[in-house]
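Novice: This is a predicted model, with the sequence first.
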Amino acid sequence: MKTKINKWYFLIPALYIGVIFSLVLFQFTGREVVSEVVGELAFSGTIRPGGELASREIAEVRIEFRGISFFFDAEAPVVIRNEDGSSFEAALITYESQENGFDVIFEHDVILRYTLHPGETDELHINAIVSSDTTVEASSSLEIPFRFAAGASLHDSAVTDALPVRYDGENYFMTLPPRGVIDPVSRVITLSGNLASQTIRYTQAPDDSVNVATVWFSDNALAIPDAVFDASVARYIDAAYNGWRARRYNGGTGTWTVRGGSPRFSEAILTAYLAEAWHRNEYTAAFNEMRRAADLHPDSISLLSSPFLGNLREVTQRQITRDRDEAERLQRMIDARDPAVFAVDDIVGFAADRGGEPLYDSLIAFASALDFRGLDFATALDLLRATYLDPHVPEEALDSLARFRSIIDERVIPALVRTDEKFFVQIAPGRIDVYYSILAGTLLETVGLLENSSRYVTIGRNVVTSALSLADEDGYLPATLFTRGGELRGSEGSFGPERVYTLLSRNPAYPRRISLRDELGPGTWMHTIAEVTNVSISATAHRFTLRYPRNRTHYIVMAGVRPFADMQLFRQLWRDDPLFESYVKGRHYDASTQTLMIKYTDDSVQADIVLLYR
């Protein structure tokens, strides 16, 4: 028996298939593909259906230039990662054409700007632009995916400070700003810190065949005498001082102008300015002006400036809380094995004296085990700074840090370049970060003096003076220099002299922490501008000999002081008074925090502080 099949049985499924096919076809044919070219910088994108092009969202973007490619879509966004480890994605929204490139726009007001810089060899610059009103935190990092274009490959996997690319028979480098990281395996670029002032640079590889250290420093012909070097640094600090005192300062608001940003109060500037005014015998007028500025910004004042400004009871209480929070933050970084912990100023001394023994022990253990040879150049220099420039590093810590000495010969000396008859230490091929070049020069001079190496001293001083020669009348320096073939090809950004003041200045009036760890144990230290010439400890007396200017008021904080019976101050027994700052001189001891606070002025230039124990 035959069964007759109705033709509608096949027609209905066929109609469904046709509708689905039509919808799929409409989806793809309804999208508009756009492409633009600027030189060899090629852009292509797929626009979702919508109104005018300017108002339509973009589904995907591809940007290519000489072997490197950037692709973004719903599956490949940029990622913002916060300091606490949390992260979120910024999805692709649209793009805009610029004069020499393209802006790719993402959620959370994040923009990646791709700009072609034409020249003898064209360069691609990529900038992250983050709105000040965005949810992206100032300390966040930005992760940007990349790809190798067809025919391109990783050229040399041993290079750590750049991405070397081989394409069309030529070698190229992608270089990042300090603490930027390129992961060639997962193919992600990570920018950290102030995203708005960072540039990714992609250019043809420079010729690095000249060994600058060998060619120019094989003898002592370029040696800079002490007096000449000191005079060069002094001229720079003079310019900085005049800017802080007048040209950059707004007395009405108690703020300083900041190039490329809004005027702001800076305790770092205030402290450096007062230290210079003290040293130049111009202190009284400077103090009165800075006292008013500090009163306008009380929450921005910390222990740093307290030897000048006083208010010790409030400042020390606030600092104890800040130190506890900072110690917890640093411990999290160490637990995460994050070498950026060494970028913190005075990291070893802080951990030893103010962070607590658990933090100090874990920091030293981390330093002892850290594989430093694969670190980015900026972090490698931070390791050297912690070893050679941080004050009062305990002896046992130096034993662990000494292994970083090889960074100088393996990384710093080979990074030396000569451009426009000046010497710099480049952070990556063709890229000089001027701050880190000054840091490298200061390290070389310091190590040279320690090891009696005139070659290191000569190289270091040439590097420092080369950078300072670029300063303007207020001491501002370019942040980044781009070079090629021994010539300067451009610069980007700038920074004020307050960033390098403590690297360059030997001003004895700058506030400093004097560790008493060796004499009295962990957690004991003094914060002062006085010169401590002798410390004598016995069972019945702790004696501290100080030198200071005659009849000039300053303040001293001593932490970790165990309770004492009496105190000799100004050559007599001096009673405790919580209102000590109301008088010409005096002292107060807070037993709950074991903190001794002193308002000091005297018609002598040297005397003892003596703590008496029964």
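Specialist: Good, I have the coordinates.

Novice: Please point out which parts of the longest helix seen in the chain sit buried.
Specialist: When the chain is parsed with DSSP state H, its longest helix is helix 312-335. Neighbour-count burial for helix 312-335, counted by 16 or more other C-beta atoms under 10 Å, picks out 312-313, 315-316, 318-320, 323, 326-327, 330-331, 333-334. Any C-beta I mention is one placed from the backbone N, CA and C, and that applies to glycine too.

Novice: again with stretch 252-266
Specialist: Of the residues in stretch 252-266, those buried by neighbour count under the rule 16+ other C-beta under 10 Å are 254-256, 258, 265-266.

Novice: Would you mind listing the outside residues contacting that stretch?
Specialist: Applying C-beta atoms under 8 Å, 6 or more residues apart in numbering, the contact partners of stretch 252-266 are 197, 244, 248-250, 269, 292-297, 300, 476, 493-494, 496, 498.

Novice: Of the residues you listed, which belong to helices?
Specialist: Taking DSSP H, the ones among the contacts of stretch 252-266 that sit in helices are 269, 292-296.

Novice: Quick check: the farthest pair among the residues you listed?
Specialist: The largest separation in the ones in helices among the contacts of stretch 252-266, counting by C-beta to C-beta, is between 269 and 295 at 16.0 Å.

Novice: Which one of the two is surrounded by more residues?
Specialist: Between residue 269 and residue 295, counted using other C-beta atoms under 10 Å, the more crowded position is residue 269 (24 against 12).

Novice: Tell me the first helix or strand C-terminal of the helix or strand containing residue 423.
Specialist: Using DSSP states H and E, residue 423 falls within strand 422-425. The helix or strand immediately downstream of strand 422-425 is strand 431-433, counting by DSSP H and E.

Novice: So which elements touch that following strand?
Specialist: Using 3 or more C-beta pairs under 8 Å, 6 or more residues apart in numbering; DSSP states H and E, the elements in contact with strand 431-433 are strand 477-484.

Novice: who touches the strand it packs on?
Specialist: With C-beta under 8 Å, 6+ apart as the test, strand 477-484 has contacts from 120-121, 123, 177, 197, 199, 201, 203, 206, 417, 419, 424, 426, 430-435, 467-468, 470-471, 488-495, 497, 500.

Novice: in the stretch 151-300 of the chain, which ranges drop under the pLDDT threshold?
Specialist: Scanning the stretch 151-300 of the chain for pLDDT under 70 picks out 157-161, 193-197, 206-210.

Novice: just the helices in it please.
Specialist: For the stretch 151-300 of the chain, the helices defined by DSSP state H, counting those that start in this stretch occupy 212-216, 226-242, 267-279, 283-296.

Novice: Same question for the closest residue to residue 363 other than its chain neighbours, what's its three-state structure.
Specialist: Spatial nearest neighbour of residue 363, excluding adjacent residues (C-beta to C-beta, 6 or more residues apart in numbering): residue 351 at 4.7 Å. With DSSP: H, G, I helix; E, B strand; the rest coil as the basis, the three-state label of residue 351 is helix.

Novice: Let me see the confidence value for residue 351.
Specialist: As predicted, residue 351 sits at a pLDDT of 95.

Novice: now do residue 503
Specialist: At residue 503, pLDDT is 96.

Novice: Check which helix or strand it maps to.
Specialist: Assigned by DSSP H and E, residue 503 belongs to helix 501-504.

Novice: What lies in contact with the next helix or strand along the chain from that helix?
Specialist: Per DSSP H and E, the first helix or strand lying C-terminal to helix 501-504 is strand 512-515. If you take C-beta under 8 Å, 6+ apart as the criterion, strand 512-515 is touched by 346, 349, 352-353, 391-392, 394, 524-529, 532.

Novice: Could you find the closest non-adjacent residue to residue 362?
Specialist: Distance criterion C-beta to C-beta, 6+ apart; nearest residue to residue 362, sequence neighbours excluded, is residue 334 at 5.0 Å.

Novice: Let me see the contact set for the one you found.
Specialist: Contact analysis of residue 334 by C-beta under 8 Å, 6+ apart lists 341, 359, 362-363, 366.

Novice: Any chance of a markdown table for these, columns distance to residue 284 and pLDDT?
Specialist: Output for the contacts of residue 334, formatted as a markdown table (distance: C-beta to C-beta, whole Å; pLDDT from 0 to 100):
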| residue | distance to residue 284 | pLDDT |
| --- | --- | --- |
| 341 | 41 | 95 |
| 359 | 40 | 97 |
| 362 | 46 | 96 |
| 363 | 42 | 96 |
| 366 | 46 | 95 |
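
Novice: could you redo these as JSON lines and give each row neighbour count?
Specialist: Below are the contacts of residue 334 laid out as JSON lines (neighbours: other C-beta atoms under 10 Å):
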{"residue": "341", "neighbour count": "24"}
{"residue": "359", "neighbour count": "20"}
{"residue": "362", "neighbour count": "17"}
{"residue": "363", "neighbour count": "25"}
{"residue": "366", "neighbour count": "18"}
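
Novice: Would you tell me which one of those comes nearest to residue 571?
Specialist: residue 359 (39.2 Å).

Novice: Need phi/psi at the closest one.
Specialist: With angles defined as degrees, to the nearest 10, residue 359 sits at phi -70, psi -50.

Novice: ditto for the one 10 residues further on
Specialist: Torsion angles at residue 369 (phi, psi; degrees, to the nearest 10) stand at phi -100, psi -10.

Novice: likewise residue 609?
Specialist: The phi and psi values for residue 609, taken as degrees, to the nearest 10, are phi -100, psi 120.

Novice: List the contacts of it.
Specialist: Neighbouring residues of residue 609 by C-beta under 8 Å, 6+ apart: 543-544, 546, 556, 567-569, 598.

Novice: What distance do you get for it to residue 313?
Specialist: Per C-beta to C-beta, to the nearest Å, residue 609 is found 19 Å from residue 313.

Novice: now do residue 503
Specialist: Remark: distance between residue 503 and residue 313 (C-beta to C-beta) = 32 Å.

Novice: Check whether residue 182 really touches residue 165, as I assumed.
Specialist: No - checked against C-beta atoms under 8 Å, the pair residue 182 and residue 165 is beyond contact range at 10.7 Å.

Novice: so what sits against both of the two?
Specialist: Joint contacts of residue 182 and residue 165 (C-beta under 8 Å, 6+ apart) are residue 174.
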